[in-house]
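Undergrad: Need a 3D model of the following:
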Amino acid sequence: QHTQMLNNKMNFWERRASEMKADEKDLISQKENFLVEAKEADNLEIEEDEAVSSLALQIKATLTKKATLRRSLKATKESYCKANNEMVRWEKKCLKKSSA
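TA: Have a look, this model is predicted:
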């Protein structure tokens, strides 16, 4: 009877050890999955940072182009107004000569 009790205890501890090894394997697997997911998250964050930097450069270039176009438009308007004023003066001059 004593031997049977020792065998039962031994079987219990062997099962418990086996369960603990299975739990350990499961935890190791979970840790590996977590590390893979963390690496993927880091890569996504790097890609996101690169995309944001690229967009920031595109915005800066667009704003620079917009400012350049506005300056060009202003210069063109000024040139047009100057040419128009000269044409009006010329027309007045021509009208004075033709009426004289």
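
Undergrad: Quick check: the gap between Glu97 and Met20.
TA: Quick fix: residue 97 reads Lys, not Glu. Counting by CB to CB, to the nearest Å, the separation of Lys97 from Met20 is 114 Å. Heads up, the C-betas are built off the backbone N, CA and C, glycines and all.

Undergrad: Please read the previous query as pertaining to Glu48.
TA: Per CB to CB, Glu48 is found 41 Å from Met20.

Undergrad: Kindly report the same for Leu35.
TA: According to CB to CB, Leu35 and Met20 sit 22 Å apart.

Undergrad: Asn7 too?
TA: 20 Å.

Undergrad: How about Cys94?
TA: Counting by CB to CB - Cys94 and Met20 are separated by 108 Å.

Undergrad: Same check on Leu57?
TA: In this view, Leu57 and Met20 are 55 Å apart by CB to CB.

Undergrad: can you check Phe34 too?
TA: Using CB to CB, Phe34 is found at 21 Å from Met20.

Undergrad: roughly how far out does stretch 43-52 sit from the chain middle?
TA: Here stretch 43-52 shows a centroid-to-chain-centroid distance of 6 Å under the convention CA atoms, centre = their mean, to the nearest Å.
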